[in-house]
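Q: Give me a 3D structure for the following:
(2 chains)
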Amino acid sequence: MVSTPSSVGTGVVRARRKRADDVAGLGRARAAAFVVPALLMIGMFLLFPAIWTIYLGMTDYRLTGLAAAHTSFVGLGNYTAAVGDKAFWNALQLTVVFVALSGVIGQSLLGFSLAWSLRRLKGWVRTLVESLALAAWVIPGSVNAFLWIALLDRRDGTLNTLLNTPGTAWLISDPMAMIVIFNIWVGTAFSMQLFSSALSAVSPSQLESARIAGASEFRQLFDIVLPTIKGHILTNTLMITLWTFNTFTPFLLTAGGPNRKTEILSVYIYKTAIGSGQLGFGAAISMIMLLINLAIALLYMRVGRKK
Amino acid sequence: MSDITIRELVKQYPNGVRGVDGVDVDVADGEFFALLGPSGCGKTTLLRSIAGLESVTEGALHIGVTDMTHVEPGDRGVAMVFQDYALFPHMDVSDNIAYPLRVRKVPKEERRATAARTAEGLSLGGLLDRRPGQLSGGQQQRVALARAIATRPDVLLLDEPLSNLDARLRLEARGFLKQLQRDLGVTTLFVTHDQAEAMALADRIAVMKDGRIQQIGTPREVFHSPRNTFVASFIGSHPMNLLPGRVSGGRVEVLGASLPAPRLTVDVPDGHEVVWGVRPEFISWSGTATPDSVRAEVSIVENLGATALVLAKAGDARLQCVVSEESAPQVGQQVWFACSVEKTLLFDAVTTDRIGGGE
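A: I've put the predicted structure just below:
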């Protein structure tokens, strides 16, 4: 006997469920149950500390002393204090220089140059250069800092031996230049990798087409390659701007010194909040830093959307 | 004069493989010339060597009287249309067409005028402000052509110019391309794996295999007088019937029958092993036994519209013939195939070179 579709199965008539409106067909309640744990975690570890920082920023909370026990609300007092603090403006100015030189210019340009010169290379030369660049990126910041202290040391430093300049204290004579070079060295691998994959997306026939038209390699770069990878350039610049803005590793080399010459914002916050125990004031500056980050991100996204 | 002279050209890759292996080609000024062959035969490598995109290992290349063997691509006076068109997606049609002029520092006004004029000639008039992504495949191809001819090159190179178009559009573009080449009178080389395309477009065809040229000739020559069994089987919409046979007393023994042999160009002794070849289009059938014919049983009949392709078995061998659709035999029918001796070709069984027949 040939069974008709309606008699397939046990024959028990099952009540037809109402069709769920969502894509997965879970229904609202079950879908919500999947999302809630994640939302709780985010709330506990991300949202709460952020709100707590906003609150702290409006108090005179200190690590020790009287204000630690009896914290009082000061409103926007910390913010007006920050705007009036010369050290804050010094830190902001240093941060802008640091981000521009070591991130936007240094890492991007060096990363792109490496990716561009490696693009036709295959085999061990490429693997070697990529591994070296990646090593700086992979090694923990504390180890990197130790390597650079050994390199720049006044008495037995590698650099002094190589340049035959015994006794030069690089971290004291040119502290800003040193942390800029240090940060370029640490972060170039990211730009290099990102641009490498971007360059592999450039169509070889477009480049050859330009070449037959008589375009030099330099022209091909500006007429074909850069317009093609515009989106990658923007993403890369956004990422390294934010990372460089927030990095704290230079503290391990110079501790912000000498004489506040390398006291970038992250270091200034640390020294204010932990070093001198002004947690409320530190929280306020952190908020300012967060807002600057937000503004940068929004600016890039707006430029990105325009193209 | 922009004729092309290629002498003993070799392109050897670092791994020792020879993409082009000792090629001699002469292309006349204004000629439409096809490089035809299966994939991997070196035809594209040869084209890219002429463009200067591949460095040449040995040999020489002249365009006109100038030695171009080691000249930079941009200084050869050649233009090339790539298989994927290679249009610049971030430039509009006008800028794409004018790009080679921009590289040559032609003033902006003149550039725009030339681009507009060239686009008009290729019926792209209303599309100058569009981006390549907004164009159909056929339009993109014409933009690529416009960009190539806007600089009035001495030599135009086309890499599989029609392969990215759908079947109907391809026929249209074929006629358009041939007309354009006639109008411009520019020396044109194109690469294709499609023998029908080469036959339809080219003044002369170079058939290639394994980096070597098998035969250079007009479409008529490669069709009727193929130099060897490779050319014979590669050219033609339906593969040529090629069957083993034996020369015997001025005739050929093939498929258990004795058929008249064409005039031999080489003296061979009786019993010499040959390959007997006849195109399916030159075979006729009859329902009754006729002199000088081969008996076979029809196994498949494919209707091709006006014609029908008949596949038949004669013993273990298979024969194909193309007949008028109205007079096609039935499947399973016993038939006798005959072919005129003028259309019969004989090839040496060992060297595969043609030793008899042809024009």
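Q: Tell me where the stretch 101-250 of chain B has helices.
A: B:108-121, B:137-149, B:167-184, B:195-201, B:219-224, B:229-234 (DSSP state H, counting those that start in this stretch).
Q: so who does the one residue in the stretch 151-300 of chain B that gets nearest to chain A touch?
A: With Cβ to the nearest Cβ, the shortest gap between the stretch 151-300 of chain B and chain A falls at B:Thr151, namely 7.5 Å. Every C-beta, even on glycine, is put in place using the N, C-alpha and C of the backbone. When contacts are counted by Cβ atoms under 8 Å, 6 or more residues apart in numbering or on different chains, B:Thr151 is found next to A:Ala213, B:Ala79, B:Pro100, B:Leu101, B:Arg104.
Q: Closest one of those residues to B:Gly217?
A: When the contacts of B:Thr151 are ranked by distance to B:Gly217 (Cβ to Cβ), B:Ala79 comes first, at 26.5 Å.
Q: Chain A versus that closest one, what's the distance?
A: When Cβ to the nearest Cβ, to the nearest Å is the yardstick, B:Ala79 and chain A sit 7 Å from each other.
Q: and that residue, how many neighbours?
A: B:Ala79 is flanked by 25 other residues according to other Cβ atoms under 10 Å in any protein chain shown.
Q: Over to A:Ala29?
A: Residues near A:Ala29, counting by other Cβ under 10 Å, number 7.
Q: now do the one 4 residues further on
A: Residue neighbour count, defined by other Cβ under 10 Å, stands at 11 for A:Ala33.
Q: hang on, it is in a helix, isn't it?
A: Yes. The assignment for A:Ala33, made by DSSP: H, G, I helix; E, B strand; the rest coil, places it in a helix.
Q: three-state assignment of the residue in chain B positioned nearest to chain A?
A: Of all residues in chain B, the one sitting closest to chain A is B:Gly74 (3.0 Å; Cβ to the nearest Cβ). Applying three-state DSSP to B:Gly74 yields a three-state assignment of helix.
Q: got CSV for the contacts of B:Thr151, with distance to B:Ser237 too?
A: CSV is the format used below for the contacts of B:Thr151 (distance: Cβ to Cβ, whole Å):
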residue, distance to B:Ser237
A:Ala213, 38
B:Ala79, 32
B:Pro100, 38
B:Leu101, 42
B:Arg104, 44
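Q: Show me which of those are buried.
A: Neighbour-count burial within the contacts of B:Thr151 applies to A:Ala213, B:Ala79, B:Pro100, B:Leu101; the criterion is 16 or more other Cβ atoms under 10 Å in any protein chain shown.
Q: wait, the last one sits on B:Thr114?
A: Yes. The criterion here is Cβ atoms under 8 Å, and B:Leu101 meets it with B:Thr114 at 6.2 Å.
Q: Which neighbours do the two have in common?
A: Shared contacts of B:Leu101 and B:Thr114 (Cβ under 8 Å, 6+ apart): B:Ala150.
Q: what about the closest residue to B:Asp84 other than its chain neighbours, how many neighbours?
A: Take B:Asp84 and drop its neighbours on the chain: the residue closest to it by Cβ to Cβ, 6 or more residues apart in numbering or on different chains is A:Ser205, 5.6 Å away. Taking other Cβ under 10 Å as the criterion, the count of residues near A:Ser205 is 16.
Q: what's near enough to touch A:Ser205?
A: Under the contact definition (Cβ under 8 Å, 6+ apart), the residues listed for A:Ser205 are B:Phe82, B:Gln83, B:Asp84, B:Ala86.
Q: B:Ala198 too?
A: B:Ala198 makes contact with B:Ala34, B:Leu36, B:Thr192, B:Ile205, B:Pro219, according to Cβ under 8 Å, 6+ apart.
Q: what about the second one, neighbour count?
A: Spelled out, it's B:Leu36. When neighbours are counted by other Cβ under 10 Å, B:Leu36 registers 27.
Q: give me phi/psi at it?
A: In this entry, B:Leu36 is assigned phi and psi values of phi -120, psi 140 (degrees, to the nearest 10).
Q: these two touch, right, it and B:Gln195?
A: Yes. At 6.1 Å, B:Leu36 and B:Gln195 qualify as touching, with contact defined as Cβ under 8 Å.
Q: Spell out which residues are contacts of both of those two.
A: By the contact definition Cβ under 8 Å, 6+ apart, B:Leu36 and B:Gln195 are jointly contacted by B:Phe234.
Q: one step back: can you tell me which of the contacts of B:Thr151 is closest to B:Gln215?
A: Checking these against B:Gln215 with Cβ to Cβ, the nearest one is B:Ala79 at 27.7 Å.
Q: In a helix, the closest one, correct?
A: No. The assignment for B:Ala79 by three-state DSSP gives strand, which leaves it out of any helix.
Q: That one pairs with what?
A: Beta-bridge partners for B:Ala79, by DSSP bridges, are B:Leu156.
Q: got a pLDDT number for it?
A: B:Ala79 is assigned a pLDDT of 93 by the prediction.
Q: so what's A:Gly27 closest to, chain neighbours aside?
A: In space, not counting the residues next to it along the chain, A:Gly27 is nearest to A:Ala20; the distance is 4.7 Å by Cβ to Cβ, 6+ apart.
Q: Since that was my last question, I'll sign off now.
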